[in-house]
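Chemist: Sequence and predicted model, in that order:
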Amino acid sequence: MEKTWFITGCSSGLGQGIAQSVLRRGGRAAVTARDPSKLNTLVQSCPERILPLQMDLNDKESIEHAVQEACQWFGSIDVLVNNAGHGYRAAIEESTPEAVEEVFQTNFFGPMRLTQLVLPQMRARRRGQIINITSIGAVRGALGNGYYSAAKGAMELASESLAKEVKHLGIRVMLVEPGALRTGFYGDRLKSSRLSIPDYDVLAEQYRKGPQTNRHNQLGDPSRAGEIVVETSLRPDAPFRLLLGSDAVQAAKETLETRLRELQLWMDTSRQSDFSENSFSGE
């Protein structure tokens, strides 16, 4: 595999796992992090086929510069992996506008800008792949994670549209919906609101960040997950959506079954909003 991959958020976790899998298979990788020094171990493992880049999804110039460097170094980008992001725990009412804006910039607007920058070269070659890492939180909104779920959900819907827009151009799109991975996601990178409204205290243990937030006992192995993402993406029959983790599978199954039951229960009511055959004259 001699494709060039552009992978965001590679200092640890799933991004690092994806990069390691790409390198093991003989691929080339442009890997990004806000602090490129955290990429040193990854770079030392295969210096001739890896390019470390500083990139901040909240900085438009940073995004553009990273893409330019990758293209100058490798010539082109064959696969874009939008992996970088972070969580934000707060009830909707406790969330601050500044924090919400940052969550959407990091988890949606930044990755979509990156996608726009990479698409022209993929269109020119009539091939390419975009892999967007979302979350099981995009399948169902979790208590106290409403804005994070909303940002990831926006990425999912935009990806659905994108997949339809670029299919005829030979470009494929894949969504990856991980459950809980044993990474730093639940540690320092997990942000929360300083505002605490007493009426939500009864729910506090379910979403507010505290000393027990990251017990490092999550089911998901980021290295194995990274291998699965790369292996699956290379298949000609790769799915549009790929769940990662037994917890993600269970959560998605329960959510979709509940949604289907509700649809069936209220289907007759929903249909009543249509014009009746005799109520519309066509004038």
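Modeler: On my side now, so go ahead.

Chemist: Averaged pLDDT, the strand ranked longest in the chain. What do you get?
Modeler: For the chain, the longest strand by residue count, based on DSSP state E, is strand 171-178. Here strand 171-178 scores 97 as its mean pLDDT.

Chemist: packing partners for it?
Modeler: In terms of contacts (3 or more C-beta pairs under 8 Å, 6 or more residues apart in numbering; DSSP states H and E), strand 171-178 is packed against helix 110-125, strand 128-133, helix 146-166, helix 222-233, strand 241-244, helix 246-265. All C-beta atoms are positioned from the backbone trio N, CA, C, and that covers glycine.

Chemist: after it comes which helix or strand?
Modeler: Sequence-wise, the next helix or strand downstream of strand 171-178 (DSSP states H and E) is strand 191-192.

Chemist: Name the surrounding residues that touch that next one.
Modeler: Residues outside strand 191-192 that contact it (C-beta atoms under 8 Å, 6 or more residues apart in numbering) are 86-90, 99, 103, 208-209.

Chemist: Now, the residues you listed that are in strands?
Modeler: 88-89.

Chemist: Out of the contacts of strand 191-192, the closest to residue 153 would be?
Modeler: Ranked by distance to residue 153 (C-beta to C-beta), the contacts of strand 191-192 are led by residue 103 at 12.1 Å.

Chemist: which of the helices and strands packed on strand 171-178 sits most buried?
Modeler: strand 128-133 (a mean of 24; mean count of other C-beta atoms under 10 Å).

Chemist: Parallel or antiparallel, which strands does that strand pair with?
Modeler: strand 79-82 (parallel), strand 171-178 (parallel) (DSSP bridges).

Chemist: Serialize these to JSON lines and add fields for distance to residue 254.
Modeler: What follows is the strands paired with strand 128-133, written out as JSON lines (distance: least, C-beta to C-beta, whole Å):
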{"stretch": "strand 79-82", "distance to residue 254": "27"}
{"stretch": "strand 171-178", "distance to residue 254": "14"}
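
Chemist: deepest of these, which one?
Modeler: It is strand 79-82: most buried of the strands paired with strand 128-133 by mean count of other C-beta under 10 Å, with a mean of 28.

Chemist: chain center to that strand, what's the gap?
Modeler: 10 Å (C-alpha atoms, centre = their mean, to the nearest Å).

Chemist: Kindly report the same for stretch 253-268.
Modeler: Centre to centre, stretch against its chain (C-alpha atoms, centre = their mean), the figure for stretch 253-268 is 26 Å.

Chemist: Sweet, I'm off.
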